[in-house]
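A.B. asks: Have a look at this prediction, sequence included:
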Amino acid sequence: MSDEKPPSGGGAHVTIHAINGGSQAFGDHGRAESTNHTTVVADQAHGRVLATVRALRRDLGEGGQSPHDEDDEEVVAALDEVADEIARNGRSASGPLTRLRDLLADYAPATATAAAVTAVLQALAPVLG
């Protein structure tokens, strides 16, 4: 075993008992997946919005589960729009944020994830003023 550190700058580096910067799969049905997210957030308020939006999105069935009704679809679309914009630009324009806030204000009483909705609304308040 070596005390060498993996090279910096990305890429995969494999040593006995360690894999850095890559994915490996073994066996007949082995499957390797690697997901990388790079997000540059302009300020702490937008960072909090992004975190709470992602949490609510997971609660509402991310990963292929379809929304239950039109209200769910509209909220999910607005959550995705805001999360994508913040992840890409570090901030979001007030239009999508305001639309999301208004949708969630109407949606909150009807959802089982009221705590997550409330967290997003609280995170939006300092950004929108």
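C.D. replies: Received the coordinates, thanks.

A.B. asks: wait, what's in contact with A123?
C.D. replies: Going by C-beta atoms under 8 Å, 6 or more residues apart in numbering, A123 touches A45, R48, V49, A51, T52, V53. C-beta coordinates here come from the backbone N, C-alpha and C atoms, glycine included.

A.B. asks: could those go into a markdown table alongside secondary structure and pLDDT?
C.D. replies: Shown next, in a markdown table, are the contacts of A123 (DSSP: H, G, I helix; E, B strand; the rest coil; pLDDT from 0 to 100):
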| residue | secondary structure | pLDDT |
| --- | --- | --- |
| A45 | helix | 91 |
| R48 | helix | 91 |
| V49 | helix | 93 |
| A51 | helix | 91 |
| T52 | helix | 91 |
| V53 | helix | 92 |
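
A.B. asks: Selection in PyMOL covering whichever of those residues are buried, please.
C.D. replies: Remark: buried members of the contacts of A123, expressed as a PyMOL selection using 16 or more other C-beta atoms under 10 Å:
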select buried, resi 45+48+49+51+52+53
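
A.B. asks: I'd like to know how many residues surround the nearest residue to L60 once chain neighbours are set aside.
C.D. replies: Excluding the flanking residues, the one nearest L60 by C-beta to C-beta, 6 or more residues apart in numbering is V76, at 5.8 Å. Applying other C-beta atoms under 10 Å, we find 18 residues neighbouring V76.

A.B. asks: swap in the one 10 residues further on?
C.D. replies: For I86, the neighbour count with other C-beta under 10 Å is 25.

A.B. asks: Now it. Its backbone dihedrals?
C.D. replies: For I86, the backbone dihedrals are phi -70, psi -40 (criterion: degrees, to the nearest 10).

A.B. asks: So the closest residue to it other than its chain neighbours, which state does it fall into?
C.D. replies: Of all residues not flanking I86 in the chain, L50 sits nearest, at 4.5 Å (C-beta to C-beta, 6+ apart). Following DSSP: H, G, I helix; E, B strand; the rest coil, we place L50 in the helix state.
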